[in-house]
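Participant: What follows is a protein structure lacking sequence information:
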């Protein structure tokens with residue numbers, strides 16, 4: 001979106017109205033701009049500028065005599081053209097680096113994703129969701145079957161990016177560890193090195209009857225594709241925002257977040273394009289969430305897999321801080337999960 005019809009003063013007024021409203025959640029009056037920012041013009045002049053911005057669709061008002069608030073178009077213009085240079089403060093960077101340094105040597109993707117969600121929620125003061133990296137192009141490295149009891153076994157699938165998926169399988173017959181080792185060896189000879197998505201398709205094509213244990217292995221391996229494990233933090237912070245004080249507005253948003261619908265849609269939409277994506281209001285392809293804003297980005301891991309970092313909040317979001325946080329953490333996770341790091 002471009003603002004070719006806006007004067008420098010109109011751009012400044014719009015920027016200040018948006019930032020004031022983001023900070024206070026209160027409609028912004030011309031007198032507030034005059035008194036707080038010392039613009040060197042009268043309230044009448046500022047009212048005229050704000051009225052023109054409203055006619056252009058960048059501002060709106062909640063009450064006839066009240067101040068103005070940003071419209072969806074205003075937020076979009078702000079994000080694309082009016083924000084100051086991005087970047088977290090040195091204090092924020094030191095705090096984040098310290099937190100990751102404490103677990104850096106653990107080399108545990110789950111721990112890193114969990115910490116990233118916690119840090120992101122703190123920085124953005126909204127709901128944060130971080131998924132562990134997944135890919136349809138992952139290859140199965142090895143299958144292990146571990147006896148737990150006479151009729152149960154732990155099915156473990158190790159993927160080529162180092163991720164591990166496991167599940168308990170209840171067998172229809174008793175099997176010793178020696179028998180399980182033999183079955184695992186046969187499965188590895190048949191399936192090791194297979195791409196996950198093709199492995200799942202092959203399972204559908206296998207002639208009946210397909211043994212239960214092969215099905216169990218396929219089920220475990222198929223978990224390594226699509227959306228990874230989701231780490232969600234900050235729902236309380238999001239619900240504390242004035243926009244979500246009404247249960248009627250909050251409930252459908254919570255359902256979309258916790259039910260997984262949001263991440264499935266985002267993973268399909270965002271995965272194809274690098275960088276940070278800001279999705280505002282009606283741009284969100286979920287009717288129940290069109291009073292929200294979303295900032296999301298992917299991060300890359302070894303083997304071509306990728307995870308998702310997402311912040312969800314009201315349209316009155318601290319965009320500059322949130323975009324900076326998502327950008328920084330996506331780069332940090334990509335660096336931690338690079339081939340060079342994992343092999344060191």
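Facilitator: That came through, no problem. Computed from a prediction, not measured in an experiment: that's the story for all the values here. Numbering: from 1, shown residues only.
Participant: Could you measure from residue 278 over to residue 82?
Facilitator: 13 Å (Cβ to Cβ, to the nearest Å). (Each C-beta comes from the backbone N, C-alpha and C, glycine too.)
Participant: got it, and residue 146?
Facilitator: From residue 146 to residue 82 the distance is 58 Å (Cβ to Cβ).
Participant: Compare these two (neighbour count), which wins?
Facilitator: residue 82 (19 against 15; other Cβ atoms under 10 Å).
Participant: Need the pLDDT of the more buried one.
Facilitator: Note on residue 82: pLDDT of 95.
Participant: got any ranges where the chain has weak pLDDT?
Facilitator: Across the chain, the ranges flagged by pLDDT under 70 are 1-4, 64-65, 104-107, 135-138, 161-163, 195-215, 218-227, 271-272, 302-304, 339-344.
Participant: hmm, try it at 50
Facilitator: Applying pLDDT under 50 to the chain picks out residues 207-210, 340-344.
Participant: now the strands for it?
Facilitator: Along the chain, the stretches classed as strands by DSSP state E are 59-61, 68-70, 127-131, 140-149, 152-159, 164-170, 230-233, 277-280, 292-300, 306-314.
Participant: ranking those by burial, who's on top?
Facilitator: Highest mean neighbour count among those (mean count of other Cβ atoms under 10 Å): strand 127-131, with a mean of 28.
Participant: what lines up beside that strand in the sheet?
Facilitator: strand 230-233 (antiparallel), strand 306-314 (antiparallel) (DSSP bridges).
Participant: Report the angle between it and strand 292-300.
Facilitator: Orientation check (axes from the mean of the first three to the mean of the last three Cα atoms, to 10 degrees): strand 127-131 against strand 292-300 gives 30 degrees.
Participant: Just give me how far strand 127-131 sits from the chain centre.
Facilitator: Taking Cα atoms, centre = their mean, to the nearest Å, the mean C-alpha location of strand 127-131 is offset from the chain mean by 5 Å.
Participant: Same check on stretch 10-30?
Facilitator: Put simply, stretch 10-30 sits 27 Å off its chain's centre (Cα atoms, centre = their mean).
Participant: What of stretch 71-88?
Facilitator: 20 Å.
Participant: Pick out the residue closest to the middle of this structure.
Facilitator: Nearest residue to the geometric centre of the chain (Cα atoms, centre = their mean): residue 310, 2.0 Å.
Participant: Quick check: that residue touching residue 298?
Facilitator: No: using Cβ atoms under 8 Å, residue 310 is not in contact with residue 298, being 10.0 Å away.
Participant: ok, residue 167 to residue 322 distance?
Facilitator: Separation of residue 167 from residue 322 (Cβ to Cβ): 36 Å.
Participant: again with residue 256
Facilitator: 19 Å.
Participant: the more surrounded of those two?
Facilitator: Ranked by neighbour count (other Cβ under 10 Å), residue 256 and residue 322 place residue 322 first, with 23 against 20.
Participant: quick one, what contacts that one?
Facilitator: Residues counted as contacts of residue 322 (Cβ atoms under 8 Å, 6 or more residues apart in numbering) are 123, 124, 126, 295, 311, 313.
Participant: try 7 Å
Facilitator: Counting by Cβ atoms under 7 Å, 6 or more residues apart in numbering, residue 322 makes contact with 124, 295, 311.
Participant: Pick the one among those residues closest to residue 76.
Facilitator: Distance to residue 76, by Cβ to Cβ, is smallest for residue 295 among these, at 13.1 Å.
Participant: Now for that closest one: which residues touch it?
Facilitator: Contacts for residue 295 (Cβ under 7 Å, 6+ apart) come out as 276, 278, 311, 322, 323, 326.
Participant: Show me the beta-bridge partners of it.
Facilitator: residue 278, residue 311.
Participant: what separates it from residue 171, distance-wise?
Facilitator: Using Cβ to Cβ, residue 295 is found at 46 Å from residue 171.
Participant: ok, now residue 139?
Facilitator: Distance from residue 139 to residue 171, by Cβ to Cβ: 27 Å.
Participant: Name the residues of stretch 82-102 that are buried.
Facilitator: Neighbour counts over stretch 82-102 (16 or more other Cβ atoms under 10 Å) mark 82, 88, 92, 96, 100 as buried.
Participant: Just give me the closest of those residues to residue 66.
Facilitator: For these, the residue nearest residue 66 by Cβ to Cβ is residue 82; the value is 22.7 Å.
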